[in-house]
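In: Fold the following for me, if possible:
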Amino acid sequence: MILMTVKPRLTDTRLSARMPSMSGVQIVTLTTDFGLADPYVGAMRGVILSIIPHAQLVDITHEIPPQEIRQTAFVLYAVWPFFPPRTIHLVVVDPGVGSRRRPIAGQTAHGLFVGPDNGVFSYVMAQEPVNALVELVDPQYRLAQVSQTFHGRDIFAPAAAHLAAGVPLHRLGPAVHDPVMLAPPALSVSPGRISGEVLCIDHFGNAITSIGRLSWDGAVLSLEPAFAANGSSGARIPAAQASVSMAGRELRGVRRTYADVDAGEVLALVGSTGHLELAVREGSGADALDLQPGDVVVLRW
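Out: Numbers count the residues shown, from 1 in each chain. Next comes the predicted model:
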């Protein structure tokens with residue numbers, strides 16, 4: 001739980017004296033585990049708009065399960081390629097708030113990323129080279145008073161806003177060379193067999209796995225591994241002849257769409273992220289198969 005112990009003091013001259021003029025609209029996305037019933041998201045939005053009033057704020061989600069760093073990493077991985085290259089991605093899922101974990105910001109060719117150094121950017125960094133990474137220590141780019149329990153408002157939101165306003169990344173603090181990285185999701189490819197794991201469960205109960213990215217080539221699925229820490233190469237999979245096993249169950253075939261089966265039937269299909277998913281048409285695949293993140297999933301053909 002986040003305790004609102006310090007007033008934001010948005011009239012402080014540290015903010016108002018530095019309000020920039022904008023020649024265009026800058027996009028800042030927000031991803032948190034705060035939910036929407038409390039004032040936390042609103043406070044962060046207010047801080048950003050006090051610094052850069054013309055920013056376009058885009059809420060990715062505020063419904064990450066509390067402290068779920070791996071799911072956060074996957075959500076960011078799934079959405080960042082669809083935003084313009086200058087987008088600022090602000091992520092606050094921060095179980096280590098107030099501890100010695102570092103606040104960081106990084107830049108890639110496709111955007112800037114601001115948040116805690118706890119692994120939330122791991123899956124993006126695995127796909128996109130990081131050109132620069134800094135620790136957010138310069139007090140000019142924080143609120144005047146910093147709560148020990150709400151760095152999202154007092155450190156991350158101001159940093160994202162100043163970056164959106166054109167402040168160079170290097171001005172915010174010293175370089176970081178050793179960011180915290182999550183272990184890559186399990187993914188092993190061998191002849192006739194791919195072993196992966198459940199990465200997360202979405203709102204509909206679809207169990208999204210690490211077996212991806214998959215694309216259709218006629219009746220064959222082509223795999224270009226998204227997470228290939230073990231040097232896994234690609235594969236060609238005859239979808240109709242494939243089987244998927246998990247949690248003591250086996251499904252025959254990989255489908256193109258939910259409509260390929262009857263209502264209530266369990267299926268394996270390629271979801272919108274290009275990853276293998278386990279689902280139920282008009283139901284919850286995770287509930288029907290008793291699946292949780294980390295469960296092993298094996299695709300054979």
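
In: Return the helix or strand in the protein with minimum mean pLDDT.
Out: Lowest on mean pLDDT, DSSP states H and E among the helices and strands of the chain sits helix 13-16, with a mean of 38.

In: where's the spatially most central residue of the chain, which helix or strand?
Out: Residue closest to the average C-alpha location in the chain (Cα atoms, centre = their mean): residue 76, at 2.2 Å. Per DSSP states H and E, residue 76 falls inside helix 69-79.

In: Helix or strand next in line after that helix, which one?
Out: strand 88-92.

In: just the angle between that next one and helix 69-79, please?
Out: Between strand 88-92 and helix 69-79, the angle comes out at 160 degrees (axes from the mean of the first three to the mean of the last three Cα atoms, to 10 degrees).

In: tell me what strand 88-92 is packed against?
Out: In terms of contacts (3 or more Cβ pairs under 8 Å, 6 or more residues apart in numbering; DSSP states H and E), strand 88-92 is packed against strand 27-32, helix 40-51, helix 69-79, strand 111-116, helix 157-164. Bear in mind the C-beta positions are built from the backbone N, C-alpha and C, glycine included.

In: residues of the second one that come out buried?
Out: Under the neighbour-count criterion of 16 or more other Cβ atoms under 10 Å, helix 40-51 has 40, 41, 43, 44, 45, 47, 48, 49, 50, 51 buried.

In: Which of the residues you listed sits closest to residue 179?
Out: Lowest distance from residue 179 to the buried residues of helix 40-51 (Cβ to Cβ) belongs to residue 44, with 22.3 Å.

In: Read off the pLDDT value for that closest one.
Out: Looking at residue 44, its pLDDT stands at 98.

In: wait, isn't it in contact with residue 30?
Out: Yes. Counting by Cβ atoms under 8 Å, residue 44 touches residue 30, with 6.6 Å between them.

In: Touching both of these two, which residues are there?
Out: Counting by Cβ atoms under 8 Å, 6 or more residues apart in numbering, the common neighbours of residue 44 and residue 30 are 90, 92.

In: what stretches of the stretch 101-250 of the chain score poorly on pLDDT?
Out: For the stretch 101-250 of the chain, the stretches flagged by pLDDT under 70 are 228-232.

In: Do a quick rundown of the strands in it.
Out: Under the criterion DSSP state E, counting those that start in this stretch, the stretch 101-250 of the chain carries strands at the ranges 103-108, 111-116, 130-135, 187-190, 193-201, 207-212, 214-217, 220-223, 235-238, 243-246, 249-252.

In: Please identify the most buried of the ones you listed.
Out: strand 207-212 (a mean of 27; mean count of other Cβ atoms under 10 Å).

In: What angle do strand 193-201 and that strand make with each other?
Out: Using the same axes, to 10 degrees: strand 207-212 against strand 193-201 is 140 degrees.

In: Off-centre distance for strand 207-212?
Out: How far strand 207-212 lies from its chain's middle: 15 Å, per Cα atoms, centre = their mean, to the nearest Å.

In: Identify the neighbouring strands of that strand in the sheet and state each direction.
Out: Strand 207-212 sits in its sheet next to strand 193-201 (antiparallel), strand 275-280 (antiparallel), going by DSSP bridges.

In: what does the domain assignment say about this structure?
Out: Under the assignment automatic domain parsing, the domains of the chain span 13-172, 187-300.
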